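K.L.:
my questions are about this predicted structure, shown below with the sequence.
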Amino acid sequence: MAAISFTKFHAIGVAKKYALVDGVATKTPAETFKTGSFETNSVSSMAELANFVEKRKPGDFITAGINQTQLIGKCGLGDGEIRRTKEDFPFATNKPGILIIDSDNLETLGITGRIIIEAHRISATGNKRKEVDPIPDTVIQHL
């Protein structure tokens, strides 16, 4: 597998919180990411990706887009600061990447273990996406 790059962000408060309320686990939503650190990471196998994901701490999250000018930095909302936008963190073009599926209830939907899907290369133009070049039976590991 060719190296795949992605971005890890971190900010205190963006982790979901759980508390026991009358013996029932109750989730408090995470705060919206506004400011925090980022770093570009690369893996060369599904095992490396799984190991990377397992080591994340509360406040960490990953995205498929990568910053083209800095490998490590800070995001913020001030003038001249890098923002977590599709312009500042675009998806890789003509390079391997990862597909991120964010869901808290995959098991309740009956999705466990390996998922076999038919993946497609996607070319993105603005908010419009166009399917090109089918890649049959790509295996995506649910982590």
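P.N.:
Happy to help now that I have it.
K.L.:
residues contacting the most centrally placed residue in the chain?
P.N.:
Closest residue to the average C-alpha location of the chain: residue 63 at 3.0 Å, with C-alpha atoms, centre = their mean. Residue 63 sits next to 6-7, 9, 84, 89, 100 when contact means C-beta atoms under 8 Å, 6 or more residues apart in numbering. Heads up, the C-betas are built off the backbone N, CA and C, glycines and all.
K.L.:
give me the pLDDT for it.
P.N.:
Residue 63 is assigned a predicted lDDT (pLDDT) of 91.
K.L.:
residue 140 now?
P.N.:
Reading off the confidence values, residue 140 has pLDDT 43.
K.L.:
for the protein, which segments count as strands?
P.N.:
Residue ranges of the strands in the chain, as given by DSSP state E, are 4-10, 17-21, 24-28, 36-43, 60-63, 72-75, 114-125, 128-141.
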